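*Asks:* Sharing a sequence plus its predicted fold:
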Amino acid sequence: MAHRVFQSWNGCDGEIGLEISAQSACPISGTYDGVVVYNRDRYGFPMRTVISKATGLVYTDPRPADDAIDDFYRNGYRRFYKSAAVPKWKHTARNARIAGQRMDVIQSLTTKGSTVLDVGTGSGELLYVGRRAGLEMQGIEADQAYAQFGRRSYGVKIINQSLQRARLPEAHFDVVTIYHVLEHLADPTAALKKLATALKPGGHLVIEVPNVDSLDAQFRQKWHPGHLFHFNCATLSALANVCGFEVVTVYTCDRLSVVWAILRKPEVAVDRRWPYLIEGNFDHTWQILQSQARQSWMTNFKHKFMRNSKKLQRNLHEWISAMSEPSHRKLVDKVSRRKAA
């Protein structure tokens, strides 16, 4: 299903390592010079991924039409990715655990009564946990079934629209969070600028995205058809600068699997210094990707085995957590409060 939505490439100029003029510009530099990274998605369907020679940003080229993307995330993505129209019990347990972790960062940036917007809120567990902590929470979720589930299960406020179509008040929110959403958007520059408009001066934007430099993901598994952009610390910082944000912090983890960033909407315009932020990033990223593409089957097997083992342990823990609870709300209370304790 997903490959039909995201298949917009005609198959030409797909040789790996070929220098091309991309059909879509790099959103950081506005330039088109790129190199073909790969020509398949993780499921083996044709999809061209390129790396910008100017910035080292990796992205899908060409990108599908905006309307096709909006329709997919409104009606099909959660079913495609989670194999369910509404969250399974294990997903609720997982979402509650992650919500508890994310609240640590959110509460460090807020006080009681602060306004928080969560973009791509899913079934709303973070909104519920945040409201319980005394914050004024609101979410945006494109998927109809998940938005309805969150409203019904937790009584939270969810705008059932894509970020592109949602109408947001200006200078209203103290904090905006966008976890594992930015890489799915056709125009991340427009998205960040829209969120900047919705933030109060001095407000913060919290971002989490997959890291293209990740040591955990096998090379061929990196190219999720819905991930239109693949960031690292340098390119996320540069994009933030282009969009007028001040970078408070940007960091990754031991295995480089994700990038986190805390950005601030400044009182006055920031200096445009993105060329400095991505200096040398093309060579850095291209070398990492080439090295990973050449990894032996034994190395890939070892990484896959370790990752699947951790996934099995996590799933078992989530099922055990979910077994004794009669409602999703009580499950979220139990898991998130256990984390807080």
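*Replies:* Thanks, I have it.
*Asks:* Which parts of the stretch 101-250 of the chain are helices?
*Replies:* In the stretch 101-250 of the chain, the helices defined using DSSP state H, counting those that start in this stretch lie at 125-132, 144-154, 188-198, 233-242.
*Asks:* what's the closest of those to P62?
*Replies:* When those are compared by CB to CB, helix 188-198 sits nearest P62, at 15.9 Å. For glycine as for every other residue, the C-beta is placed from the backbone atoms N, C-alpha and C.
*Asks:* hang on, the earlier thing: possible to save the helices of the stretch 101-250 of the chain as a markdown table with mean neighbour count?
*Replies:* Below are the helices of the stretch 101-250 of the chain laid out as a markdown table (neighbours: other CB atoms under 10 Å):
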| stretch | mean neighbour count |
| --- | --- |
| helix 125-132 | 25 |
| helix 144-154 | 20 |
| helix 188-198 | 19 |
| helix 233-242 | 25 |
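*Asks:* Including mean pLDDT, could those go into JSON lines?
*Replies:* Shown next, in JSON lines, are those (pLDDT from 0 to 100):
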{"stretch": "helix 125-132", "mean pLDDT": "97"}
{"stretch": "helix 144-154", "mean pLDDT": "94"}
{"stretch": "helix 188-198", "mean pLDDT": "98"}
{"stretch": "helix 233-242", "mean pLDDT": "98"}
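*Asks:* Output the ones you listed in JSON lines; the columns should cover distance to Q290.
*Replies:* Output for these, formatted as JSON lines (distance: least, CB to CB, whole Å):
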{"stretch": "helix 125-132", "distance to Q290": "38"}
{"stretch": "helix 144-154", "distance to Q290": "38"}
{"stretch": "helix 188-198", "distance to Q290": "25"}
{"stretch": "helix 233-242", "distance to Q290": "18"}
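*Asks:* distance of Q144 from F245?
*Replies:* Distance of Q144 to F245, given as CB to CB, to the nearest Å: 31 Å.
*Asks:* Identify whichever of the helices of the stretch 101-250 of the chain lies nearest to K334.
*Replies:* Closest among the helices of the stretch 101-250 of the chain, using CB to CB: helix 125-132, at 11.8 Å.
*Asks:* what stretches of the stretch 51-200 of the chain score poorly on pLDDT?
*Replies:* Applying pLDDT under 70 to the stretch 51-200 of the chain flags the ranges 82-83.
*Asks:* got the contact list for L199?
*Replies:* For L199, the contact set (CB atoms under 8 Å, 6 or more residues apart in numbering) comprises 171-176, 205, 265.
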